[in-house]
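Novice: Provided below for reference: sequence and predicted model.
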Amino acid sequence: MIRRVLAAVVSLAALITVPSAAPTVSRPLTVATDKGVVEGAAANGVGRFLGIPYAAPPVGDRRWQPPAPAPAWPGVRSADRPGAACAQTAPGGGADTSEDCLHLNVYAPERRTDRPLPVLFWIHGGGFMSGSGDLYDGSQLARTNNIVVVTINYRLGVFGFLDLPGLSERGGGNYGLLDQQAALRWTQRNIAAFGGDPGRVTVSGESAGGQSVCALMASPPARGLFDRAIMQSGGCPSLTSAQATARGKSYATAAGCGGSAAAAACLRAKRPDELLAAGRDFGGILNGPLPVSGVPELPVAPGVAVRSGRFADVPLLIGANRDEIRKWALPFAHATKEQYERVIGQQFGPHADGVLARYPYDARNRPYGAAYALGALWTDSSVFYGMGGCQYQRLADQFASRQPRTYFYEFGDRNPPSHGPTQPGFAAGAAHAAELPYLWPSMSPKPLTPEQRKLSRAMMRYWGAFVRDGNPTTHRQVPWPSYRDAKLMSLLPGDRSRAVNSGAYAARHRCSFWNGIDYDWLTTDPMYLAQRAGVSAR
């Protein structure tokens, strides 16, 4: 039970299965790309071009190699349906999966203007283990803001992030990141044909997608491919090359290929399903794939790059959710006070008494007292790769110290449409990925309330204004000040969104405590912590 709940929570953004609304009337549209003509369809004022290859299929000898140019095609290629999702163990939406998956989707206003339109380039989340670009229907964002939206697939899990001697001469551990860069280069070459402006591309993403954005900002080969960035609930974690290689050797052993020089050839000979089966532990919250630093495409760890100013100096919109990590505490739904205190001691050692004094086990909230307390302290401390809470605020501070057009938000609707697994009576709050249906309405598992629809419209307009101008402030909405002014936007239902002082955010997340002690990111996941604490699933 614990494993099923946690696995689903980790890939929450990729598990939303509500399909996009079907267009009422459809008309064919053709566009010439640098590899051939594609035929999409227009409906409700937006052209949709789905499943366009941006790189060669990474199969056969191209497995675990940097992306190569896509081959040209004769005639007209149909672009009326998405391509396969990249190979994964738990695909979102029940999509077909394949190693042949390097496709993207374009949503463009049908009515052209004399001036090219700004572009939102979206990188999906899913822990670098699951998800696909077609889960995010960009039609409404394109129509609302008169922008072009691009969503992409990139290699996941062992196919995108395995680092092992002998796999390839370059790109080891970062094939998924290189795929993202290849899709950005396709956008630079081709987006003008769809009405977009290659000089105004905003790279954006949530969760692993947000982590990808930080990595792209720190990657020298990605410079010049975008001029704005949006990071939603994704910090700047990475692995060293030594860490990634050690994980790769461990995976090769689990796959029956040992850790010798012959491991690479052995793995190349295996079928995709065999690699996926062997890689079920090549994932999870804390032992999953991450970008690898210390290599040409990422010479400096993204976190170090931000602190030292070695990142793309572009306007940035960055934010997280108020209860970011609460759902990840579900394995502790039935933990006793003794079990709760045991896990705090294991995690925080000499600081455990201080943590317990501020986050006591609350028996009045049985059976969820431990889950709520852990969800709060894990969010506030940002121990999950710096997502949410105090370390995330420090990350925004570091960006803003060098880039004056940095805009910070906290999503605060604590009763959003519920998706993914939960338990009766458990209030997930404004948890990880809860903001997605407000920007991508087709993803909502149920209709938004009138107050939530107001927030959704406001968020889409804020995001659209940022994509257009590098500043989210737009007409007839509450002004959004730069974080340089020590203010962030609190995004709330109805007309309650407002700018608040950074001190209010710090107080809510007890940052005076967390910023005053030394602690590391978690080195094991909640499921393992629960098992060590003796928590049983019910």
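Specialist: Perfect, I can see it now.

Novice: only C-alpha atoms for contact and neighbour calcs from this point on.
Specialist: Fine.

Novice: low-scoring stretches of the stretch 1-150 of the chain, by residue?
Specialist: Low-confidence segments of the stretch 1-150 of the chain (pLDDT under 70): 1-26, 90-95.

Novice: what ranges does it have for its helices?
Specialist: Using DSSP state H, counting those that start in this stretch, the helices assigned to the stretch 1-150 of the chain run over residues 2-10, 139-145.

Novice: mind listing residues that contact the last one?
Specialist: In this structure, residues lying in contact with helix 139-145 by CA atoms under 8 Å, 6 or more residues apart in numbering are 45-46, 48, 107-109, 147-149, 439-441, 460-461, 464-465.

Novice: which outside residues touch the host helix or strand of residue 182?
Specialist: Using DSSP states H and E, the element containing residue 182 is helix 175-190. By CA under 8 Å, 6+ apart, the surrounding residues in contact with helix 175-190 are 33-34, 54-55, 64-67, 102, 104, 121, 123, 152, 154-156, 159-161, 171, 198, 212, 216, 222, 225-226, 291, 297.

Novice: same thing with stretch 400-407?
Specialist: Counting by CA under 8 Å, 6+ apart, 309, 313-318, 396, 399, 470-472, 480-484, 488 sit against stretch 400-407.

Novice: ok, stretch 154-170 next?
Specialist: With contact meaning CA under 8 Å, 6+ apart, stretch 154-170 is reached by 63-66, 86-88, 99, 101-102, 128-130, 132, 172-177, 179-180, 241, 244-245, 247-249, 261, 264, 275-276, 279, 282-283, 288-291.

Novice: do stretch 433-440 as well
Specialist: 12-13, 136-138, 140-141, 206-207, 233, 321, 411, 416-418, 443-444, 452-453, 455-457, 459-460.

Novice: now, which of the residues you listed lie within helices?
Specialist: 140, 141, 452, 453, 455, 456, 457, 459, 460 (DSSP state H).

Novice: once you drop chain neighbours, what's closest to the fifth one?
Specialist: In this case it means residue 455. Closest residue to residue 455 in three dimensions, ignoring its sequence neighbours and counting by CA to CA, 6 or more residues apart in numbering: residue 493, at 5.0 Å.

Novice: and that neighbour, helix, strand or coil?
Specialist: coil (DSSP: H, G, I helix; E, B strand; the rest coil).

Novice: surely it meets residue 448?
Specialist: No - between residue 493 and residue 448 no contact is recorded; they are 10.3 Å apart, counting by CA atoms under 8 Å.

Novice: neighbour count: those two, which is higher?
Specialist: Set residue 493 next to residue 448 and count neighbours by other CA atoms under 10 Å: residue 493 wins out with 22 against 17.

Novice: contact partners for residue 57?
Specialist: 70, 99, 100, 101, 102.

Novice: check these and tell me the two furthest apart.
Specialist: 70 and 99 (14.4 Å; CA to CA).

Novice: what's the closest non-adjacent residue to residue 34?
Specialist: Nearest residue to residue 34 in three dimensions, chain neighbours excluded: residue 190, at 6.7 Å (CA to CA, 6+ apart).

Novice: number of nearby residues for that neighbour?
Specialist: 19.

Novice: and the pLDDT for it?
Specialist: Looking at residue 190, its pLDDT is 98.

Novice: what about residue 70 and residue 99, which has more around it?
Specialist: residue 99 (20 against 17).

Novice: dihedrals phi and psi, the more buried one?
Specialist: phi -70, psi -30 (degrees, to the nearest 10).

Novice: tell me the contacts of it?
Specialist: Counting by CA under 8 Å, 6+ apart, residue 99 touches 57, 58, 59, 86, 87, 155, 272.

Novice: and the gap between residue 370 and residue 511?
Specialist: Going from residue 370 to residue 511 by CA to CA, to the nearest Å gives 21 Å.

Novice: ok now the longest strand along the chain, how far from the chain's centre?
Specialist: In the chain, taking DSSP state E as the definition, the longest strand is strand 196-206. Put simply, strand 196-206 sits 16 Å off its chain's centre (CA atoms, centre = their mean, to the nearest Å).

Novice: find the nearest non-adjacent residue to residue 378, please.
Specialist: residue 325 (6.2 Å).

Novice: correction: residue 163
Specialist: Nearest residue to residue 163, sequence neighbours excluded (CA to CA, 6+ apart): residue 173, at 4.2 Å.

Novice: report the buried members of the contacts of residue 99.
Specialist: For the contacts of residue 99, a burial check counting by 16 or more other CA atoms under 10 Å picks out 57, 58, 86, 87, 155, 272.

Novice: which one of these is nearest to residue 376?
Specialist: residue 155 (32.9 Å).

Novice: quick check: residue 232 vs residue 188, distance?
Specialist: Applying CA to CA to residue 232 and residue 188 gives a distance of 23 Å.

Novice: neighbour-wise, which of these two wins?
Specialist: Under the criterion of other CA under 10 Å, the comparison of residue 232 against residue 188 puts residue 232 first, with 29 against 19.

Novice: neighbours of the residue nearest to residue 41 when sequence neighbours are not counted, how many?
Specialist: Excluding the flanking residues, the one nearest residue 41 by CA to CA, 6+ apart is residue 28, at 4.3 Å. By other CA under 10 Å, 15 other residues sit near residue 28.

Novice: measure residue 28 to residue 43 for me?
Specialist: 9 Å.

Novice: now the common contact residues for the two.
Specialist: Counting by CA under 8 Å, 6+ apart, nothing touches both residue 28 and residue 43.

Novice: run the chain-centre distance for the helix or strand harbouring residue 303.
Specialist: Per DSSP H and E: residue 303 is located in helix 302-308. Distance, stretch centre to chain centre, for helix 302-308: 19 Å (CA atoms, centre = their mean).

Novice: okay, buried residues for that helix please.
Specialist: For helix 302-308, by 16+ other CA under 10 Å, it's 302, 303, 305, 306, 307.

Novice: possible to save those as a markdown table with pLDDT and distance to residue 380?
Specialist: Shown next, in a markdown table, are the buried residues of helix 302-308 (pLDDT from 0 to 100; distance: CA to CA, whole Å):
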| residue | pLDDT | distance to residue 380 |
| --- | --- | --- |
| 302 | 97 | 22 |
| 303 | 96 | 19 |
| 305 | 97 | 24 |
| 306 | 97 | 21 |
| 307 | 96 | 21 |
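
Novice: residue 366: which of those residues is nearest?
Specialist: Closest to residue 366, out of all of the buried residues of helix 302-308 and judged by CA to CA, is residue 303, at 38.5 Å.

Novice: and the gap between the closest residue to the closest one other than its chain neighbours and residue 394?
Specialist: Using CA to CA, 6+ apart and skipping the chain neighbours, the partner closest in space to residue 303 is residue 236 (5.2 Å). Using CA to CA, residue 236 is found at 12 Å from residue 394.

Novice: which one of the buried ones among the contacts of residue 99 is nearest residue 503?
Specialist: Nearest member of those to residue 503, counting by CA to CA, is residue 155, at 40.0 Å.
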